[in-house]
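J.: Sharing a model that was predicted from the sequence below.
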Amino acid sequence: MINIQGLDKLTKELDQLSKAMAELDGDIAQVRFDPHDPASIEQAIQQMETSLDARVASYAGNKTVMSIANDMKEKYREGILEKAAQARLESNDEGEV
């Protein structure tokens, strides 16, 4: 007879991963910011991270879920920074004659 150790733990982690992915599906947060105000941009990033953290808080012991959440935070942070930079460029272009 073969005894496989850790299968229950793996099953539990995969179940948690599935539930966490359902929690992370869709909009995480709607944030607004002034692209010319670094503090406003940072506040939007913090709001997004707080919202994402709240969605995965019950899976804090699952390394895979937390890794995915951290990757998502970085992706969304970069997205916010890119949108702010684009908005600044567009406002500069409109102001030039």
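T.: Everything's here; your move.
J.: In the chain, where is pLDDT below threshold?
T.: Across the chain, the ranges flagged by pLDDT under 70 are 1-4, 94-97.
J.: And the helices in the chain?
T.: 7-24, 38-56, 63-95 (DSSP state H).
J.: relative to helix 7-24, how tilted is the second one?
T.: Relative orientation of helix 38-56 versus helix 7-24 (axes from the mean of the first three to the mean of the last three CA atoms, to 10 degrees): 140 degrees.
J.: Flag every buried residue along helix 38-56.
T.: Ile41, Ala44, Ile45, Gln47, Met48, Glu49, Leu52, Arg55, Val56 (16 or more other CB atoms under 10 Å). The C-beta positions use only the backbone N, C-alpha and C, and glycine is treated the same way.
J.: and those residues as CSV, adding distance to Asp25?
T.: Listed next are these as CSV, based on distance: CB to CB, whole Å:
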residue, distance to Asp25
Ile41, 26
Ala44, 21
Ile45, 21
Gln47, 19
Met48, 16
Glu49, 18
Leu52, 12
Arg55, 10
Val56, 12
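J.: Pick the most buried one from the helices of the chain.
T.: helix 38-56 (a mean of 16; mean count of other CB atoms under 10 Å).
J.: Determine the set of other helices and strands touching that helix.
T.: Packing partners of helix 38-56 (3 or more CB pairs under 8 Å, 6 or more residues apart in numbering; DSSP states H and E): helix 7-24, helix 63-95.
J.: of all those helices, which lies closest to His36?
T.: His36 lies closest to helix 63-95 among the helices and strands packed on helix 38-56, at 6.4 Å (CB to CB).
J.: separation between Lys73 and Met48?
T.: 7 Å (CB to CB, to the nearest Å).
J.: Closest to Pro35 out of the buried residues of helix 38-56?
T.: Ile41 (7.0 Å).
J.: My guess is that closest one contacts Pro35. True?
T.: Yes. If you go by CB atoms under 8 Å, Ile41 and Pro35 touch, sitting 7.0 Å apart.
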